[in-house]
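1. Sharing a model prediction with you, sequence too.
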Amino acid sequence: QLHLIESGGGLVQSGGSLTLSCTASGSTMDSYGVGWFRQAPGKKREAVSCIAKDSSNIFYGRAALGRFTISRDNAKNTVYLQMNRLKPEDTAIYFCGAELRSSVQVMCGQVLIDYWGQGTQVTVSS
């Protein structure tokens with residue numbers, strides 16, 4: 001059983017930056033692909049970015065391209081999402097999720113996740 005905890009969310013002005021962390025416990029993360037997803041009020045959960053277990057493959061959703069960077073440190077059981085040039089439309093709850101078998105394209109494309117964290121709120125003011 002993999003338990004995921006997100007941290008690093010908060011309130012930031014438009015154009016600012018935040019780094020989110022997703023730390024695993026209960027098991028090691030190095031067998032899992034991990035993704036970041038977000039859900040704004042009244043909207044469906046959407047994929048932001050996914051990273052393969054060995055960082056060999058990365059997927060970015062359209063909103064993340066050129067602004068966000070996903071990375072992982074398996075020794076620390078942690079996946080990061082560096083978010084730059086934040087916009088008010090990035091406001092959402094950000095969740096991390098882990099999946100054992102699928103490619104990052106499937107994880108992100110189909111929001112196919114075995115384990116979810118509780119989420120961290122990101123609010124970008126204009």
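-> Great, that's in hand. Numbers count the residues shown, from 1 in each chain.
2. use CA for all of it now, contacts and neighbours both
-> Fine.
3. quick one: the helices in the chain?
-> 104-110 (DSSP state H).
4. buried stuff in the helix-or-strand element of it with minimal mean pLDDT?
-> One helix or strand of the chain scores below all others by mean pLDDT, DSSP states H and E: helix 104-110, with a mean of 92. Of all the residues in helix 104-110, those buried under the rule 16 or more other CA atoms under 10 Å are 104-105, 107-109.
5. Identify, from the residues you listed, the entry nearest to residue 16.
-> residue 108 (25.1 Å; CA to CA).
6. what's the closest residue to the closest one other than its chain neighbours in contact with, if anything?
-> Ranked by CA to CA, 6 or more residues apart in numbering and with sequence neighbours excluded, the top spatial neighbour of residue 108 is residue 47, at 5.2 Å. By CA atoms under 8 Å, 6 or more residues apart in numbering, the contact list for residue 47 reads 35-38, 61, 108-109, 111.
7. Please pick the buried ones from those residues.
-> Applying 16+ other CA under 10 Å to the contacts of residue 47 flags 35-38, 61, 108-109, 111 as buried.
8. per-residue confidence for residue 126?
-> Note on residue 126: pLDDT of 94.
9. now the nearest residue to it once chain neighbours are set aside: how far from residue 106?
-> Leaving out its chain neighbours, the residue that sits closest to residue 126 by CA to CA, 6+ apart is residue 14, at 5.3 Å. Residue 14 sits 31 Å away from residue 106, taking CA to CA, to the nearest Å as the criterion.
10. and what of residue 32?
-> From residue 32 to residue 106 the distance is 13 Å (CA to CA).
11. likewise residue 119?
-> 21 Å.
12. quick one on the thing from earlier: quick one: which of the contacts of residue 47 is nearest to residue 10?
-> Checking the contacts of residue 47 one by one against residue 10 (CA to CA), the nearest turns out to be residue 38, at 14.0 Å.
13. Is it correct that the closest one is in contact with residue 97?
-> No. Using CA atoms under 8 Å, residue 38 makes no contact with residue 97, being 10.6 Å away.
14. can you give me the strands for the chain?
-> 3-7, 10-13, 18-25, 33-39, 46-51, 58-60, 68-73, 78-83, 92-99, 115-116, 120-125 (DSSP state E).
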